[in-house]
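A.B. asks: structure, please.
(chains A and B)
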2 protein chains.
Amino acid sequence: MAVGLSPPQNLLIVQGIRLASCHSGIKGNAELDDLVLIEIEPGSTIDAVFTTNKFCAAPVTLAKKHLELQSHSRYLLINSGNANAGTGLKGIEDAQASCHQLSELTNVEVEAILPFSTGVIGQPLPVDKIQSSLPQLIESLAEDQWQQAAAGIMTTDTIPKARSRQININGQPITITGICKGSGMIKPDMATMLAYVATDAKVSQLELTSCLQQAVEGSFNSITVDGDTSTNDACVLVATGKSGVEVDSQHREFVEALNELFIELAQAIIRDGEGATKFVEIAVEQSQSKHDARTLAYTVAHSPLVKTALFASDSNWGRILAAVGRAPLSYFDIDKVDIYLGDVCLIEKGLPHVDYSESKGQAEMEKEDIHIRIILNSGEHSATIWTTDLSYDYVKINAEYRS
Amino acid sequence: MAVGLSPPQNLLIVQGIRLASCHSGIKGNAELDDLVLIEIEPGSTIDAVFTTNKFCAAPVTLAKKHLELQSHSRYLLINSGNANAGTGLKGIEDAQASCHQLSELTNVEVEAILPFSTGVIGQPLPVDKIQSSLPQLIESLAEDQWQQAAAGIMTTDTIPKARSRQININGQPITITGICKGSGMIKPDMATMLAYVATDAKVSQLELTSCLQQAVEGSFNSITVDGDTSTNDACVLVATGKSGVEVDSQHREFVEALNELFIELAQAIIRDGEGATKFVEIAVEQSQSKHDARTLAYTVAHSPLVKTALFASDSNWGRILAAVGRAPLSYFDIDKVDIYLGDVCLIEKGLPHVDYSESKGQAEMEKEDIHIRIILNSGEHSATIWTTDLSYDYVKINAEYRS
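C.D. replies: Numbering: from 1, shown residues only, chains lettered A, B, ... in the order given. Coordinates of the predicted model:
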């Protein structure tokens, strides 16, 4: 179902990072990998952002704690098929048990291991399956396993998501490679479902945090499938420094490459959104505040009526109008509003555009990539977010998931 | 598809109110009525609440203006099949033209006529069809046409919605009868899709306004199908005074009967929600504020993942947990939260309940009427709202509406 999305190609290794993926048995289907290990060489910097969901999963609680105690993480241990969320104290113990086993096998402190889980909420984590797979997983660590890792963290995703970038700084190449997963329960708030990005640039801890925050804001924090923020969202950025090239959050070229890669990964989640048949960009321009711009974009993006009209390729723009009109904005002057569907003007200064015709609107709605632009003509702030339509398959996937 | 909803029965006339319904041709299907007239005898009091959608429809703008200029409305003119919204200045002129024609035929001031429309947004109103039907409509006005009127205002509704109540005050009977319509684009904010309630009690203008406000709060302002607030919502309350019994907003028995009737009408909209297979009550208790209680209830109600789990009768309570955890509340202590599905405790003090079993959860989820109770144990405020599940038919109805 993925909209205009191909399997990742030409993934580049990042010196200082090795990965491995295997089938441990958490997922019933033996052909699907469900356990991924990412090894980070000593001397790297790392930071992560996590879900703001108050019912956050046990691995999120533990990973945050480990990251606070010790900033030199060495292993990321990720399972798919089970979220280890809503599992209470037992869930914490299970996450700890996996980390302890890995700590013993690799001889690193347990706090240098960050656990992540994604999948069904409310089921006990099959720790024994994870533990018995760890020796094999460590054995198979290799630098060129990014694609396998991207596949191993999938749940309802239909396609692995990974991207690489290489830029030259003062004649020296720097590589950035990242993977992510996510398809439903997507409205990240300070993070996404799961994303792991690494670079061989040398970035100090402070600067890395700054790079991560700004990259996440315009990418994973600007997408939504269904408005549901997951209990397990996490996004990790690692800088191994192996290229020997030092950059910081003010380095234009590096930051641009990083931000673009984050946006591509975030958009890949939307293109593979549950049941998606459309990739929809919603841009709000000239708002009095950033907050208003984002609120308006999300109000339109979450409207089930707008989403079903998109699915039907029906130029029923009245539904966009109705969603704009109900958005809880601090400032809104209806007489100044322009609304475009692609290049077609629907509303000018709050009134239906005289040149609009059903056939023009229809032509835009039939495209796979849809652009909705709402210009408030009231200020200098803007926001762009990406979302999907709402199809039969979204309902099917979510009515049948678990069974 | 309506969930546990039968056609209205035993509707009682309200002295001072006459109604008529006909097919004017706005709806393509000649078997369906699409134009309704409600006549109110002089000396009645009336008040209305309207949508807060900033792109409100032309008839809403005009009805509000007429109601401000003159509080003794005599006619309510309602068409279905066309919302006359997003139609700009032409829309206002069209609504005015219908009112003027009715004014001439009935010899009442044009400001004593309130126009209402519901249906597709963004299409010009076929005024000629309305105008040519008005003589016949006036001719057929009768006291016993409540059921016909309820049918005439339907759009995607599958069943007419109407209720009557009779109470005795000091040995004298008072009647309240009301009709409403609505099935999709339902998340009323100060009003519902369309509702018209009349009583023969005598209620002063000031007291009527107070009665309407409190009745709407716990009924039409406490339901949601899809979170989409319509451009055309309106709710009207009329008191003809013909019973000779005077009441006010402090009269316990009258207010209770009125509130109950409003709640029944609001719940009927949910039971007939687009594609609904479940009727879902979400109660939030012991919150620090009313606002938090309502925000939390609506966050759960709007979650597409909760709604698809409800459709599948899948006791995937992790989705309820995730929705509770992401609700933007001013105060939330996870260690105090209890969550119930019917009588089955899912979460106690923030942790999975030890006695919970899949079979117990499943038994609750398989019911047609579902009760979700979230107890925050943090204050004295509560809120109860009603919603539906999200089914294939919701997508089907909204992908095919217009075609």
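A.B. asks: so what's the residue count around A:Asp338?
C.D. replies: Using other Cβ atoms under 10 Å in any protein chain shown, A:Asp338 has 18 neighbouring residues. Yep, even glycine has a C-beta here, placed from its N, CA and C like the rest.
A.B. asks: how about the one 10 residues further on?
C.D. replies: Around A:Glu348 there are 18 other residues, counting by other Cβ under 10 Å.
A.B. asks: what pairs with it across the strands?
C.D. replies: Beta bridges link A:Glu348 to A:Leu351, judged by DSSP bridges.
A.B. asks: was I right to think it contacts A:Asp338?
C.D. replies: Yes: counting by Cβ atoms under 8 Å, A:Glu348 touches A:Asp338, with 5.4 Å between them.
A.B. asks: hey, which helix or strand in chain A has the poorest pLDDT?
C.D. replies: When each helix and strand of chain A is scored by mean pLDDT, DSSP states H and E, strand A:223-224 comes last, with a mean of 75.
A.B. asks: output the contacting helices and strands for that strand.
C.D. replies: Where contact means 3 or more Cβ pairs under 8 Å, 6 or more residues apart in numbering or on different chains; DSSP states H and E, strand A:223-224 is packed against helix A:252-271, helix A:290-302, strand A:381-388.
A.B. asks: that one pairs with which strands?
C.D. replies: Under the criterion DSSP bridges, strand A:223-224 sits next to strand A:381-388 (parallel) in its sheet.
A.B. asks: send me the partner strand as CSV with only the CA atoms.
C.D. replies: Presented in CSV, the C-alpha positions along strand A:381-388 are these (Å, rounded to 0.1, in the frame of the first residue of the first chain):
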residue,chain,number,x,y,z
HIS,A,381,4.7,31.9,11.2
SER,A,382,4.3,28.8,9.3
ALA,A,383,4.1,25.0,9.7
THR,A,384,4.1,22.0,7.4
ILE,A,385,3.0,18.6,8.4
TRP,A,386,2.4,15.3,6.5
THR,A,387,-0.4,12.9,6.9
THR,A,388,-2.4,10.1,5.1
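A.B. asks: where does the prediction get shaky in chain A?
C.D. replies: For chain A, the stretches flagged by pLDDT under 70 are A:1, A:187-193, A:401-403.
A.B. asks: now with 50?
C.D. replies: Along chain A, the parts satisfying pLDDT under 50 run over A:190-192, A:403.
A.B. asks: all helices of it, in order?
C.D. replies: Using DSSP state H, the helices of chain A run over A:58-69, A:88-106, A:127-139, A:146-152, A:205-217, A:252-271, A:290-302, A:304-311, A:318-326, A:358-365, A:392-400.
A.B. asks: ok now the least confident helix or strand of chain A, how far from the chain's centre?
C.D. replies: Centroid separation for strand A:223-224 versus its chain: 8 Å, with Cα atoms, centre = their mean, to the nearest Å.
A.B. asks: winner for burial among the helices and strands packed on strand A:223-224?
C.D. replies: strand A:381-388 (a mean of 23; mean count of other Cβ atoms under 10 Å in any protein chain shown).
A.B. asks: what angle do it and helix A:392-400 make?
C.D. replies: 70 degrees (axes from the mean of the first three to the mean of the last three Cα atoms, to 10 degrees).
A.B. asks: can you get me a residue count around A:Phe50?
C.D. replies: By other Cβ under 10 Å, the residues close to A:Phe50 number 21.
A.B. asks: from memory it sits against A:Pro59, does it?
C.D. replies: No: the criterion here is Cβ under 8 Å, and A:Phe50 misses it with A:Pro59 at 9.7 Å.
A.B. asks: distance to B:Ser359 for the helices and strands packed on strand A:223-224 - can I get that in a markdown table?
C.D. replies: Shown next, in a markdown table, are the helices and strands packed on strand A:223-224 (distance: least, Cβ to Cβ, whole Å):
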| stretch | distance to B:Ser359 |
| --- | --- |
| helix A:252-271 | 35 |
| helix A:290-302 | 34 |
| strand A:381-388 | 35 |
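A.B. asks: closest one to B:Ala234 among these?
C.D. replies: Closest of those to B:Ala234 is helix A:290-302, at 21.8 Å (criterion: Cβ to Cβ).
A.B. asks: need the contact partners of that closest one.
C.D. replies: With Cβ atoms under 8 Å, 6 or more residues apart in numbering or on different chains as the test, helix A:290-302 has contacts from A:187, A:224, A:226-227, A:280, A:282-285, A:287, A:306, A:320, A:323-324, A:326-332, A:372, A:374, A:376, A:381-385, A:387, B:227, B:302.
A.B. asks: can you tell me which of these are buried?
C.D. replies: Neighbour-count burial (16 or more other Cβ atoms under 10 Å in any protein chain shown) applied to the contacts of helix A:290-302 gives A:187, A:224, A:226-227, A:280, A:282-285, A:287, A:306, A:320, A:323-324, A:326-327, A:329, A:332, A:372, A:374, A:376, A:381-385, A:387, B:227, B:302.
A.B. asks: which residue does the stretch 101-250 of chain A bring closest to chain B?
C.D. replies: Nearest residue of the stretch 101-250 of chain A to chain B, counting by Cβ to the nearest Cβ: A:Ile121, 2.4 Å away.
A.B. asks: please report phi then psi for that residue.
C.D. replies: phi -90, psi 140 (degrees, to the nearest 10).
A.B. asks: ok, now which ones touch it?
C.D. replies: Going by Cβ under 8 Å, 6+ apart, A:Ile121 touches A:Ala57, A:Ala83, A:Ala85, A:Gly86, A:Thr231, B:Asn316, B:Gly318, B:Arg319, B:Leu321, B:Ala322.
A.B. asks: identify the residues contacting the residue of the stretch 301-403 of chain A found nearest chain B.
C.D. replies: Chain B sits closest to A:Gly318 of the stretch 301-403 of chain A, with a gap of 2.4 Å, by Cβ to the nearest Cβ. Residues in contact with A:Gly318 (Cβ under 8 Å, 6+ apart) are B:Ala83, B:Ala85, B:Gly86, B:Val120, B:Ile121, B:Gly122, B:Thr231.
A.B. asks: so the last one versus B:Thr156, what's the distance?
C.D. replies: Remark: distance between B:Thr231 and B:Thr156 (Cβ to Cβ, to the nearest Å) = 15 Å.
A.B. asks: which one of those two is surrounded by more residues?
C.D. replies: Higher neighbour count among B:Thr231 and B:Thr156: B:Thr231, with 29 against 17, using other Cβ under 10 Å.
A.B. asks: so that one touches B:Thr61, yeah?
C.D. replies: No: using Cβ under 8 Å, B:Thr231 is not in contact with B:Thr61; the gap is 10.4 Å.
A.B. asks: isn't A:Tyr75 up against A:Pro42?
C.D. replies: No: applying Cβ under 8 Å as the test, A:Tyr75 and A:Pro42 come out as separate, 11.6 Å apart.
A.B. asks: okay, the two: which has more neighbours?
C.D. replies: Neighbours were counted for A:Tyr75 and for A:Pro42 using other Cβ under 10 Å; A:Tyr75 has more, 20 against 10.
A.B. asks: in the sheet, who's paired with that one?
C.D. replies: A:Glu39, A:Ile113.
A.B. asks: what does the stretch 51-200 of chain A put close to chain B?
C.D. replies: Residues of the stretch 51-200 of chain A lying close to chain B (Cβ under 8 Å from any Cβ of the partner chain) are A:52-56, A:83, A:85-89, A:120-122, A:184-185, A:187, A:189.
A.B. asks: just the buried ones out of those residues, please.
C.D. replies: Among those, the ones that count as buried by 16+ other Cβ under 10 Å are A:53-56, A:83, A:85-88, A:120-122, A:184-185, A:187, A:189.
A.B. asks: among the residues you listed, which pair sits farthest apart?
C.D. replies: Among those, A:Gly88 and A:Lys187 lie farthest apart (Cβ to Cβ), at 25.0 Å.
A.B. asks: so what are the domain limits for chain A?
C.D. replies: Following automatic domain parsing, one finds the domains of chain A at A:17-271, A:279-400.
A.B. asks: much appreciated, bye for now.
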